[in-house]
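# Take a look and give me a structure for this.
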Amino acid sequence: MELCIRHFQRASRLCALLSVFVLLSSCTSSGGGLLGPPDETADAGKLVSEANEDLTQIKVLYKENEGKRLEIKNALEANDAAEVKRIATDVVQIINQGRNSGFEAVDKIREAQDMQINADYREYLSLKEEALKLQLEAFENYRQAAITLRDNYDPNNAELRDKVKADFTERTEKYREIMERARSSSSQANELYKETVRKQSQ
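So this is what the prediction gives:
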């Protein structure tokens, strides 16, 4: 869960940068400047701000439950089936809530991309969308891992227990790998932002 929080904090910061990007670009445009028609730019900025609010809600949600991953690990080591299932159920509920806000954020960024905006800004939004979609894919893997534990973990059945543990390990590792790809996409978006600001300042 600590990794979840770091990636969603990064996503929130990048959405905040999106808002700054809109404001900076609007300052240089008059009747159709860097980002195209001012009314489209303003509307895109509103959607970005709303997406940022969605991501802030996700960050708070995961911060409140950051110890769940360690709790699951400890419960597995203790072969405590009841505790494993209780925590796994909590994790599934948490991710379900977070995914809903994540999908809403993606939809808003997609809508902003359909507006009359500058090509650099559109590319930035595209990278941001890609990063968020990867994060959602990663969380789906983690959610499925928790569902497996919740529905199938039985410490008294050695074969099933080992299979469930192996599946949990595989899915959580895939979760980490996809999160790294999301981090890479977020970094590209961040670099594009910095480069655009640098060009504007020249």
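# C-alpha only now, for contacts and for neighbours.
Noted.
# Could you count how many residues lie near residue 167?
17 (other C-alpha atoms under 10 Å).
# Next secondary structure element downstream of the helix or strand harbouring residue 120?
In this structure, residue 120 is located in helix 119-152 according to DSSP states H and E. Downstream of helix 119-152, the next assigned helix or strand under DSSP H and E is helix 158-201.
# how far is that next one from where the chain is centred?
Mean-position distance between helix 158-201 and its chain equals 9 Å (C-alpha atoms, centre = their mean, to the nearest Å).
# and it with helix 119-152, angle?
170 degrees (axes from the mean of the first three to the mean of the last three C-alpha atoms, to 10 degrees).
# list the helices and strands the helix holding residue 120 packs on?
helix 2-27, helix 81-113, helix 158-201 (3 or more C-alpha pairs under 8 Å, 6 or more residues apart in numbering; DSSP states H and E).
# State the pLDDT value of the residue lying farthest from the centre of the chain.
What lies farthest from the middle of the chain is residue 156; by C-alpha atoms, centre = their mean that is 36.6 Å. On the pLDDT scale, residue 156 is placed at 91.
# now swap in residue 65 and tell me
67.
# swap in the one 5 residues further on?
What the model reports as pLDDT for residue 70 is 85.
# what helix or strand is it on?
Going by DSSP H and E, residue 70 is in helix 68-77.
# For that helix, buried residues please.
68, 69, 72, 75, 76 (16 or more other C-alpha atoms under 10 Å).
# Quick one: find the helix or strand in this protein with the lowest mean pLDDT.
helix 2-27 (a mean of 50; mean pLDDT, DSSP states H and E).
# how close does the nearest residue to residue 43 once chain neighbours are set aside get to residue 168?
Leaving out its chain neighbours, the residue that sits closest to residue 43 by C-alpha to C-alpha, 6 or more residues apart in numbering is residue 112, at 7.6 Å. Noted for residue 112: a distance of 37 Å to residue 168, by C-alpha to C-alpha, to the nearest Å.
# show me where pLDDT drops low in this structure?
Filtered on pLDDT under 70, the chain yields the residue ranges 1-39, 41, 62, 64-65, 200.
# can you rerun that using 50?
20, 22-36 (pLDDT under 50).
# Might one say that the residue nearest to residue 43 is in contact with residue 49?
No - contact criterion C-alpha atoms under 8 Å: residue 112 and residue 49 do not qualify, at 10.9 Å.
# of these two, who's got more company?
More crowded of residue 112 and residue 49, by other C-alpha under 10 Å: residue 112, with 23 against 20.
# Now do the contacts for the more buried one.
43, 44, 45, 47, 48, 125 (C-alpha atoms under 8 Å, 6 or more residues apart in numbering).
# what do you get for residue 91?
Contacts of residue 91 (C-alpha under 8 Å, 6+ apart): 68, 143, 146.
# circling back to that earlier point, with distance to residue 61 added, can I get the helices and strands packed on helix 119-152 in a markdown table?
Below are the helices and strands packed on helix 119-152 laid out as a markdown table (distance: least, C-alpha to C-alpha, whole Å):
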| stretch | distance to residue 61 |
| --- | --- |
| helix 2-27 | 9 |
| helix 81-113 | 7 |
| helix 158-201 | 18 |
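# Done for today, thanks.
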